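Colleague: A structural model of the following input is requested.
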Amino acid sequence: MAAIIVGTTPTIKYTFTNIDTTDLTEIFMTIAKTPCGTPVLEKDLSDAEVGDGEVMFQLTQEETLSLPGGCYIQLNYKLTDGTRGATDPEYVGVGCNQKAVVI
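Modeller: This next block holds a predicted model:
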């Protein structure tokens, strides 16, 4: 995953190879400073755009400005049959921005 530049509005996209995204009943994207740390940011299904085999979350300028210098992103989800799954936490660098304010 590419680095996130603070103050921008990136889209976090995850492609599933082993589940049908139309079966998602719940999904949470969390961002934490460490792989198993307390989330500093969380988004759920109401914030997601679900497509064929993929889920996307748009971050706001304010959200990226609040991120630590590097972070870990993880998805937790539940399917219509009750199956719960999670992705491995993935490290993402957070780059600086010389204009680190909301514009």
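Colleague: Poorly predicted segments of the chain, please.
Modeller: Within the chain, no stretch has pLDDT under 70.
Colleague: Spell out for me which residue occupies the centre of it.
Modeller: Nearest to the geometric centre of the chain sits Met29, at 4.3 Å (C-alpha atoms, centre = their mean).
Colleague: now that residue, which residues is it bridged with?
Modeller: Lys43, Leu75 (DSSP bridges).
Colleague: Tell me if I'm right that it and Tyr72 touch.
Modeller: No: contact between Met29 and Tyr72 fails when scored by C-beta atoms under 8 Å: they sit 11.3 Å apart. Glycine gets a C-beta too; all of them are placed from N, C-alpha and C.
Colleague: ok, which stretches of the chain are strands?
Modeller: 4-5, 11-15, 24-32, 39-44, 48-51, 54-58, 70-79, 84-86, 90-95 (DSSP state E).
Colleague: Identify whichever of those strands lies nearest to Thr64.
Modeller: strand 4-5 (5.7 Å; C-beta to C-beta).
Colleague: hang on, the earlier thing: what sits against the residue nearest to the centre of the chain?
Modeller: By C-beta atoms under 8 Å, 6 or more residues apart in numbering, Met29 lies in contact with 12, 14, 42-44, 47-48, 55, 57, 73-75.
Colleague: of all the strands of the chain, which lies closest to Ile103?
Modeller: strand 4-5 (12.9 Å).
Colleague: elements contacting that closest one?
Modeller: Strand 4-5 sits against strand 90-95, with contacts defined as 3 or more C-beta pairs under 8 Å, 6 or more residues apart in numbering; DSSP states H and E.
Colleague: which strands and helices sit next to the strand it packs on?
Modeller: By 3+ C-beta pairs under 8 Å, 6+ apart, strand 90-95 packs against strand 4-5, strand 70-79.
Colleague: Make TSV out of these and add distance to Thr38 and mean neighbour count.
Modeller: Output for those, formatted as TSV (distance: least, C-beta to C-beta, whole Å; neighbours: other C-beta atoms under 10 Å):
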stretch	distance to Thr38	mean neighbour count
strand 4-5	19	18
strand 70-79	11	18
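Colleague: Of those, which is nearest Thr21?
Modeller: strand 70-79 (9.1 Å).
Colleague: picking up where we left off before, quick one, which of the helices and strands packed on strand 90-95 gets closest to Glu62.
Modeller: The nearest among those, by C-beta to C-beta, is strand 4-5 at 13.2 Å.
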